[in-house]
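Enquirer: no FASTA, just this:
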C-alpha cells in the first residue's frame, strides 16, 4: 500500500492520450492534495511513454509549468526515466522524495480538466506511421534525447519559453511511443534541436 492509494490490479497500458488523462484524474478523487506517487500508481509503472507524457504535459500546463522549480523537478524525473530506458529496465523506479511531491487537489483538477479537450483533438491526429522511429530499438535514441532534455531543463528556467519547448518535445516523444507514431518522434527531434539552440543562445 502507498501513502495515497491502494495497490490496484495491473491495467493494460493506455494507448491514447484521453485514456491516460482519465487515469491520471483518478488520482485526484477524494484527496486534498495529490502526490506524484498516486498519479503514477494510477497510470502504471511498466510503460515509459506515460512517464514522458506526464512530465511533458506538466511542464506545458498553465498553473503547473509556470511554478518556479517545476521544470527542474520534471527534468529530474525525465533523467531518471530516460536512464532506465537506456539500461533496459522493465519497471520504473523513482526515489521516495520525488514520489512524495504534491500539488493541491484544486490545482490538479483544474489542470487535468483543461487537458481533456486538447487530448481528444490530439488523439484524432495520432496513428501508426513511420513506425521504425517509434518501435524498438528506436526507443533508445528517444531515451537519449529525453535524457539531454532533462539535463537541460534547469538552465531552461532562465531562458523564457524554452521550458515550454522542452515540455512539448517530451509530449511528442511520449505520444510517439504511446501510439507508435514516428511522425511525432520526428517532430520531437526537430523541436529538441531548436529548443536547445535557443538555450545556448539565451545563455551566451
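Expert: Nice, thanks for sending it over. Note that this is a predicted model, so its numbers are computed, not measured.

Enquirer: only C-alpha atoms for contact and neighbour calcs from this point on.
Expert: Noted.

Enquirer: please enumerate the helices of the chain.
Expert: Along the chain, the stretches classed as helices by DSSP state H are 17-26, 36-43, 48-60, 70-87, 96-99, 105-125, 139-156, 162-179, 182-203.

Enquirer: just these: most buried one?
Expert: Of the helices of the chain, the one with the most neighbours on average (mean count of other Cα atoms under 10 Å) is helix 162-179, at a mean of 27.

Enquirer: what is the rounded mean pLDDT of that one?
Expert: What helix 162-179 shows for mean pLDDT is 91.

Enquirer: when you give positions from now on, start the count at 49
Expert: I'll keep to 49 as the first residue from here, and by that count the last item is helix 210-227.

Enquirer: so that helix versus helix 187-204, what angle?
Expert: Counting by axes from the mean of the first three to the mean of the last three Cα atoms, to 10 degrees, helix 210-227 lies at 160 degrees to helix 187-204.

Enquirer: packing partners of helix 210-227?
Expert: Applying 3 or more Cα pairs under 8 Å, 6 or more residues apart in numbering; DSSP states H and E, one finds that helix 210-227 contacts helix 96-108, helix 187-204, helix 230-251.

Enquirer: tilt between the shortest one and helix 187-204?
Expert: Relative orientation of helix 96-108 and helix 187-204, computed by the same axes, to 10 degrees: 20 degrees.

Enquirer: where does this protein dip in pLDDT?
Expert: Scanning the chain with the threshold set as pLDDT under 70 gives 49-62, 75-80, 92-95, 110-115.

Enquirer: change it to 80
Expert: Counting by pLDDT under 80, the ranges of the chain that qualify are 49-64, 72-95, 109-118, 138-140, 142, 145-160, 162, 252.

Enquirer: out of the helices of the chain, the one nearest residue 181 is which?
Expert: Closest of the helices of the chain to residue 181 is helix 230-251, at 4.6 Å (criterion: Cα to Cα).

Enquirer: what sits up against that closest one?
Expert: 176-182, 190, 193, 197, 200, 203-204, 207, 210, 213-214, 216-218, 220-221, 223-224 (Cα atoms under 8 Å, 6 or more residues apart in numbering).

Enquirer: mind running it again at 7 Å?
Expert: 177-182, 204, 207, 210, 213-214, 217, 220-221, 223-224 (Cα atoms under 7 Å, 6 or more residues apart in numbering).

Enquirer: kindly report the same for stretch 181-188.
Expert: Residues from elsewhere that reach stretch 181-188 (Cα under 7 Å, 6+ apart): 134, 180, 224, 225, 228, 229, 230, 233.

Enquirer: ok, stretch 97-107 next?
Expert: In contact with stretch 97-107 (Cα under 7 Å, 6+ apart) are residues 112-113, 119, 122, 126, 212, 215-216, 218-219, 222-223, 225-226.
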